[in-house]
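Q: quick one, structure for this:
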Amino acid sequence: MSTQTRHFVLTPEGDIREFSPEQAALIAAGSNSIPEFAGHDVRYLQLTMDDSRKNGELRIQTAGARIRFDSEGRLIEAGPAKGSEPISRFEHDAVVQWALRDVPAVGPTFH
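A: This is a model prediction of the structure:
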């Protein structure tokens with residue numbers, strides 16, 4: 001069984017940016033800054049994929065949040081996404097499809 005967590009930021013410009021687990025941990029700890037997000041609130045989507053080898057299932061779980069950066073681009077606050085700026089279904093599905101792009105597709109089995 002393999003579990004993988006991926007981290008995405010939905011930028012004010014409408015882009016989707018992915019951060020490695022290591023980058024996300026440094027940003028969350030305040031050790032890394034992201035100057036292009038300085039002074040902004042952005043939407044964050046965390047995606048966890050669980051590939052259970054036992055029964056061949058692939059489970060996807062997502063969680064969204066709003067994160068705020070200070071004037072230098074360091075994370076200062078995280079909380080629930082604002083009702084006025086939700087993560088849209090399209091953005092959510094785009095992130096899920098992007099995360100699944102490397103998962104091999106298996107064709108149907110005919111008996």
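
Q: end to end on stretch 47-62, go ahead and measure it.
A: Chord length of stretch 47-62, first to last residue, is 4 Å (C-alpha to C-alpha, to the nearest Å).

Q: mind listing what's buried in it?
A: L47, M49 (16 or more other C-beta atoms under 10 Å). (Each C-beta comes from the backbone N, C-alpha and C, glycine too.)

Q: quick one: list the elements packing against the helix or strand encompassing M49.
A: Per DSSP states H and E: M49 is located in strand 41-52. Applying 3 or more C-beta pairs under 8 Å, 6 or more residues apart in numbering; DSSP states H and E, one finds that strand 41-52 contacts strand 2-10, strand 57-69, helix 89-100.

Q: please redo it, this time with the cut-off set to 6 Å
A: strand 2-10, strand 57-69 (3 or more C-beta pairs under 6 Å, 6 or more residues apart in numbering; DSSP states H and E).

Q: partners of that strand, with directions?
A: strand 2-10 (antiparallel), strand 57-69 (antiparallel) (DSSP bridges).

Q: related to what we said a few turns ago, quick one: which of the helices and strands packed on strand 41-52 is nearest D102?
A: Among the helices and strands packed on strand 41-52, the nearest to D102 by C-beta to C-beta is strand 2-10 (10.4 Å).

Q: related to what we said a few turns ago, want to throw the helices and strands packed on strand 41-52 into TSV with mean pLDDT and distance to V95?
A: Output for the helices and strands packed on strand 41-52, formatted as TSV (pLDDT from 0 to 100; distance: least, C-beta to C-beta, whole Å):
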stretch	mean pLDDT	distance to V95
strand 2-10	92	5
strand 57-69	90	7
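
Q: P104: which of those strands is closest?
A: Nearest to P104, of all the helices and strands packed on strand 41-52, is strand 57-69, at 10.6 Å by C-beta to C-beta.
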